[in-house]
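*Asks:* Next one to model:
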Amino acid sequence: MAREKAEERSPASQEFRHMRRELEITQDEMASILGVSAKAVQSYEQGWRQPPDAILRLLNVVFIAHRAGAWKHAIRCWEIKRCPSRIRNQCRAYQLRQGHLCWLVRGTKCKSPDVKSCADGYDACLKCKVRRRLLGRPSALVVSRES
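*Replies:* Presented below is the predicted three-dimensional model:
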């Protein structure tokens, strides 16, 4: 019966579920990372709804980084931002070992104004120390939104 149901799901739904399980996170945690509801994650995995392309792209970025050994990546946001262990241990970027993608992953625990996630708004992203370090230059690429 379960095999029949799995065969009814779209390839995207099956892959979505596989990726979440390999990341070893719950549906609630996945929802937090992707910025969707837990019900949405459940419906994607069950095949009731097709995950939007933007959600699938974000999931792939996180998953590819996970598979590529991102834990070894030289840029670790929790070190740059000097996050205390009690905060770091609750942070999605740390849990997923995606310190270089903290600006992309929802559910980070940064509190100061210059270290919010890009998911909280692009203005926060423009000020992010980690993102700027990844770009290899200060805000040279930043264009004022008021221009």
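
*Asks:* tell me the contacts of the nearest residue to residue 44 once chain neighbours are set aside?
*Replies:* Closest residue to residue 44 apart from its sequence neighbours, by C-beta to C-beta, 6 or more residues apart in numbering: residue 51 at 4.3 Å. C-betas here are computed from N, CA, C, even on glycine. By C-beta atoms under 8 Å, 6 or more residues apart in numbering, residue 51 lies in contact with 12, 13, 16, 44, 59.

*Asks:* Thought residue 45 was touching the third one, still the case?
*Replies:* Yes. Between residue 16 and residue 45 a contact is recorded at 5.8 Å, counting by C-beta atoms under 8 Å.

*Asks:* returning to what we had before: can you name the two of the contacts of residue 51 that sit furthest apart?
*Replies:* The largest separation in those, counting by C-beta to C-beta, is between 13 and 59 at 11.9 Å.

*Asks:* Point out where this structure drops to low pLDDT.
*Replies:* Applying pLDDT under 70 to the chain flags the ranges 1-7, 69-73, 107, 110-126, 135-147.

*Asks:* what's the longest helix in this protein?
*Replies:* Longest helix in the chain by number of residues, with DSSP state H as the criterion: helix 53-67.

*Asks:* Output the helix or strand following it in CSV with nothing but the alpha carbons.
*Replies:* Downstream of helix 53-67, the next assigned helix or strand under DSSP states H and E is helix 77-80. Provided in CSV are the C-alpha atoms of helix 77-80 (Å, rounded to 0.1, in the frame of the first residue of the first chain):
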residue,chain,number,x,y,z
CYS,A,77,28.6,32.6,10.1
TRP,A,78,28.5,31.6,13.8
GLU,A,79,32.2,32.3,14.1
ILE,A,80,32.0,35.6,12.1
